[in-house]
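> After the sequence you'll find the predicted model.
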Amino acid sequence: MSALYIIAVGLGSAFLLGLLNERQRGLAYMITLAALTIMSAISASWLLIFAATGAHPIDILTAGTQPPFAINLRMGLVESALTLLINLTGLLAAIHMGDSLLAKGRRAMAVLVIAIMALCGIVLTRDIFNLFVFFELIVIATGGLVLLSDADDNGRAVSAGFKYLIVSQFISILLLIGIIFAYHATGTLNIDGMAEIVGSGIKPELATAFSLAFFLMFIAVVAELKPFPANGWALDIYESAHPGFSAIFSAATGSAALFAVDKLLLIGGADWLPVATGIGIVTFVGANLLALPQTNDRRLLGYSSIAQTGLVLTILGQQDILGEHTLFIAGGLLFAHAVAKAGLYWLSDFVATRSLTGWAALQERPLLVFAFVTFAAMLAGLPPFPGFYAKWELVHILAAEGRLALLALILFGALVEAGYLFRWFGYLIKREPDQEVSCNTVQIIPVFAAVLAGWALGFVWGELSGHSNLLLVLPLLFALAFLLLEWAPAWFKNTLAIGGMVTFFLQTYAEYDPLRLIFAVIFMIGGAVTLLASYHAHGRRIGFYPAAMLMFAGMILLIRATDTFGFFASWELLTVGSYFLILRGKHSEPHALSYIIFSLGGAFLILTAFALAAAAVPPAPTFAIASLGELVQPVAPWVFLLLAVGFMTKTAAIGVHIWLPGAHAEAETDVSPMVSGILLKAGLYGLFVLLMTMGKQSLYGVELTYVMLWIGAITALLGNLMAIFQEDAKRLLAYSSIGQMGYAMFGLALMNHLGWLLALMFVINHYIYKSMLFLSVGGVAKRTGTREMYKMGGLITLMPLSFIATLIGIIAVSGVPPLSGFGGRWIFYNAILTADSRLPMVLIFLAGPIAFLYLFRLIHTIFLGQLKDEHRRIKEAPFWIILPQMIYVALLMVVAVVPGMVLRHVDAYISRFFPEGALNWEGMSITSQFGYWNPVAIMIIVGVIFMLLFSWLLFVNRKAQKVKQFNIVFSAERPFRPETTHFAWNFFAPYRKAMGFLVQPFVTRFWETVTDLLHTAADITRRLYNGNGQIYAFHFLVFVVAVFAMKMGI
Amino acid sequence: MAHFAMATGFLLILIGAWGALTNRNLLRMIIAFTIADSGVNLVIIAVGYMHGRTAPILDSAVAAADAVQRIIDPVPQALVLTAIVIGVGVTALMLAYVYRLYEKRRSLDIGDFTELKG
Amino acid sequence: MIKRLIALALLAAVGSVFATLLFGYTPDAVLNLTARYYAEHTAADLGAANIVTAIVVTYRGLDTLGEVTVLFLAASIVGLVLAQGTQKKPRTPVPVGELLTTGARFLLPMILLLGVYVFVNGHLTPGGGFQGGAIIASGILLLLLADPLKHFSHGLISAIESVAGVIYVSIGLAGVFLAGGFLDNRILPLGTLGDLASAGAIPLIYSLIGLKVGAEFASILASLSETEEL
């Protein structure tokens, strides 16, 4: 079927609709759907042909005359894909708007069909004046549909439509003047003809006139993209029109207009590419910033649409360096945007109120939540969707060409966009729903068609990417399979998850080197053990398993990754998975948001670093991580710096740590150990890989590992300091994690054998004791209903097993003999004796006793002391929460007695990098150059001392008198704040007086100021859009004049 | 001749644009746009004009054989027809809008329709 | 005031672009590539005496189809919008003078005839479907002025409009099968240059356009006249 039939069918059926009786609405609707289906089918058949055969585009003549003398159309791969997008959007919108269309009658349907036809016309035509005609058709059809979608409203859409028409009039005046003078200068109206004439050199006396004419045409067509800030006229339409139509306006109109700009760039040539880039990037960043303070969902989507269009325009402007990749990148971003935006607009119809928080209504419907997640992930460019692959490719090429400023702006805009999208998702999941979801079955069809299209596009782009298709990677597929199992009970899914992880480990463990094996054990076996605690959950626990398994899949893929692409993809996967997991906590909405923003920011740094690295080494289809080591000055230190900062956001180094306490503390009982004990290790793994491949780097004479050493030391000190002032037990543990990660980083940054051994020791130990402590504290919190320590006390007799776990845990953490923590310390002391960085060493030494201060409170305040009246009847924590703790206790014992079991292999492995200073693992004791450590002997000695003291205690206390807890007299006064009378409240007040200045939330305030500034800037800019259509016409003219001045200035 | 028509056309466009930018009354704005549209049409026609030639119609006065030397450029004339008709369509649509706006608000002042903003 | 100053400044900037275009403009001395092709080939290829018509209906027929669609859209939307506002209330029109009534009765047939003449001869003389259609619509306007209560059958108008549109698209498609492509007029014999029955399908298409445009304008006028005053 010739592509011409798309237009003929569209027009014919529109005219046919006019023939029908006003009452035959059902028939009219059928004709409408049939026409749109046929149009879609024609596009689809062409797309299949072009995709399968790679055939050249086909020119379709009209009037039996060759171009440029008659109008011709062209159908090629791009055209077929775009018209398919447009026609399908139209079809689905018609399904979505069914009720409304039936109420308005055949004429409204005719307007819709003509609008879709005209959009296809814009894509297909190769004639500049014909392009104008189709644009005007769009203007009138848009005006009409907006006017019609307002019948039950208060006239807001009508005034929005009028503003649109005012600016459209100005646009068409400029376009017509441009076209006629371009015609005069070139003697043709054919786009390719014009491009040819311009390419072969236009007559000098006509050159000025032509460049002005081209400017007018170009700016008019670009204006159809609603560039920032001349776009107030279009935003009102997004906000007020029927969402079914807004979907078309966003997805289809934007795509068609972008293609029109591309055609014009064909005429304009390389001179105009920077202009397109400039307008595009200003639009992308500006519109995203302005989306930030929006509260109306549809207006926010409007801003986001404009931003995405701006991004694609930027890419069109970069086609001089993107070359053959332009299609892949622009297509990936455009299709992801179009599908997601259309889906979100359709979804918005189910939400009764127009505020972002009103979307909480969806949380009762897991399927709709899944749809939202799909769309948000597509917009944010997360794997496995097309935007991810496109982003990867784009960043690499920009880095290779040295266009770093543009690269930074794009990533900044993308981060802002991710910020408001995830904030919105947080509202959706965590806010109280105030309204019911209103949707009928038919309206769900378009939404899920969009969801399916999104995943299908993800698959296609994965295939086209030249990298591994993420949707074919086993661990990810396993995680996604849980989406299909959401109906099953939690225990079943839990068993499956544990089984899957253990099986995968058994299948693959032989493939890892000793270092990776340690991480593999923690990620897979450790994950499985932690998941045992999840058996305590009842019901179906919807949303938990896909998220958790996504995180684990990401971590597993991370250690299996050999090239930078695989590494980055898995990094994003584990980030997203853990975000969903963290968001599940009761009050975790703001913390999950700051987590994802910091993580994505870190991820972007990593991406940039990989791109810079790949640019510095001769091109290869993939860049192996091992090749990082081949980098030389001047790129190498920058790559190192970006990667290090990126990984440190994950390990919560000081400065970028503010997300961690809330995220870890507010998470669910079994999630806290996962994100603390396991997930943090992903960041350490990254640092290991970084230092292993790149070694020491110095920038401007500063040795970067030395800076890292300082950061590690300060993080350890401040993390521990902040921990001692916490009242909340889980927050205390969270801050303690910051400190522990500081130790590990310090060890790594020592860059010697023992330092690394120490870091690995921390990897293992921290996993075990932090998982255990989070579980036992979580179990206590579950039973007592609070996490404030001063509200607890005396639980030792009621929850003895939790007590044992906590006791063992804190002995291990604080690094006193006999448990494994001491092993860590011992290696640590040896390590710093071999290094020459004395000052940070002092800080680390200081941090040690501080750790003991806060750890001691866990025992002292929770388990010892007086039992609270309301806690008299509580029981031991649930079996499934206790079980993994007991496993950890056993593990700690084993590691304490025979640390060499694991570490001697690693020690040997590290010797490859640092042959100096290896330990001697002969017999039962471990020998370094400074001394030896015999764990078994220590264990025995400590055990003996303990037994002696314990029996002595029993002996002297044998005559002690037992007093019942409430055998005392209260004084009459009731304090205003009861907790102030509790001895455990503000326990370390004297220390706070002495060292409190160190734990002032400077960093938090800094980041708050940054976000405030962004919001303020956006709010001031918003005032430009004062709602007056005439002012918007001013904006447009100012935009035209400004671009003109800048272009002529260039 | 062509320059004179073209200058008039540009002037009409500017007058129309001025009217659309400074009048707050919706109907006046629409009239301003029709003035600007007329200016555009005049410019288009002026671009096709060639001195000393005649209309592109082949009849007893212009034989098909020497048409190349005798007629003016027919393309702008064809384009202007399309431009005029489109202008009519847009004007009709805008008038329908004004009708609807007036029906809702009883006002014709563009400043009264600013409830959507920011 | 500030607004006016800004407007002045902006228009001065736009005006300077226009001025550059104006002063840089020199009329062509010879026909350019495209125009030359039309001058040389129209008579032989399409058989139309009016080259502008040949361009409008055939060479750039897709534009014209779009144009007709623009009018169709405008008529549909205006009809829908005004129909929604209509309440059937008896209206008391201003009394119409004898002069107008008689004059309308006398002039109407002639106006309609002129309109038909203009679009039927569109391929030979200046004029064509749009012009003819507008003339017909002016007759309808006269009729409405003479008899404001006159009720038009919207069904008939929209039937004419739609049938003309469907036939137009069908003739265009016939070109794909019977001649060189969409909207090719050579599905009918070209005849002798200058005859009424010449130029293949051009007169047929232009007549359809004339009917359609006339019906669309009439529909807009009728909707406006039936609308209650606000």
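Cool, got the structure.

> what does chain B put close to chain A?
B:13, B:17, B:20-21, B:24, B:26, B:29, B:33, B:36-37, B:40, B:43-44, B:47, B:75-76, B:79, B:82-83, B:86, B:89-90, B:93-94, B:96-98, B:100-101, B:104-105, B:110-111, B:113-118 (Cβ under 8 Å from any Cβ of the partner chain). The C-beta positions use only the backbone N, C-alpha and C, and glycine is treated the same way.

> how close does A:Leu290 get to chain C?
The gap separating A:Leu290 from chain C is 22 Å, by Cβ to the nearest Cβ, to the nearest Å.

> For the stretch 401-550 of chain A, give the residue positioned nearest to chain B.
A:Tyr420 (14.9 Å; Cβ to the nearest Cβ).

> Narrow the residues of chain B next to chain A to just the buried residues.
B:13, B:17, B:20-21, B:26, B:29, B:33, B:36-37, B:40, B:43-44, B:47, B:75-76, B:79, B:82-83, B:86, B:89-90, B:93-94, B:96-98, B:100-101, B:104, B:110, B:113-114, B:116-118 (16 or more other Cβ atoms under 10 Å in any protein chain shown).

> where does residue 45 land on pLDDT?
In the absence of a named chain, chain A is used. Listed pLDDT for A:Ser45 reads 94.

> The chain in question should be chain C.
On the pLDDT scale, C:Asp45 gets 82.

> Wasn't it part of a strand?
No: using DSSP: H, G, I helix; E, B strand; the rest coil, the assignment for C:Asp45 is helix, not a strand.

> returning to what we had before: now, the buried ones among the residues of chain B next to chain A that are in helices?
Cross-referencing those against helices under DSSP state H gives B:13, B:17, B:20-21, B:26, B:29, B:33, B:36-37, B:40, B:43-44, B:47, B:75-76, B:79, B:82-83, B:86, B:89-90, B:93-94, B:96-98, B:100-101, B:104.

> give the contact list for the residue of chain A found nearest chain B.
For chain A, the nearest residue to chain B under the criterion Cβ to the nearest Cβ is A:Gly1027, separated by 3.0 Å. Applying Cβ atoms under 8 Å, 6 or more residues apart in numbering or on different chains, we find A:Gly1027 in contact with A:Gly232, A:Asp236, B:Phe113, B:Thr114, B:Glu115, B:Leu116, B:Lys117, B:Gly118.

> and if you look at C:Thr20?
A:Thr208, A:Ala209, A:Leu212.

> In which helix or strand does the last one reside?
What it means is A:Leu212. helix A:204-223 (DSSP states H and E).

> And chain B, is that helix touching that?
No: Helix A:204-223 is not in contact with chain B by Cβ under 8 Å from any Cβ; minimum separation 10.4 Å.

> quick one: the next helix or strand along the chain from that helix to helix A:204-223, angle?
Going down the chain from helix A:204-223, the next helix or strand is helix A:232-240, by DSSP H and E. Helix A:232-240 runs at 30 degrees relative to helix A:204-223, counting by axes from the mean of the first three to the mean of the last three Cα atoms, to 10 degrees.

> distance between helix A:232-240 and the chain's centre?
Distance, stretch centre to chain centre, for helix A:232-240: 28 Å (Cα atoms, centre = their mean, to the nearest Å).

> Using just helix, strand and coil, how would you label C:Asp184?
Applying three-state DSSP: C:Asp184 is coil.
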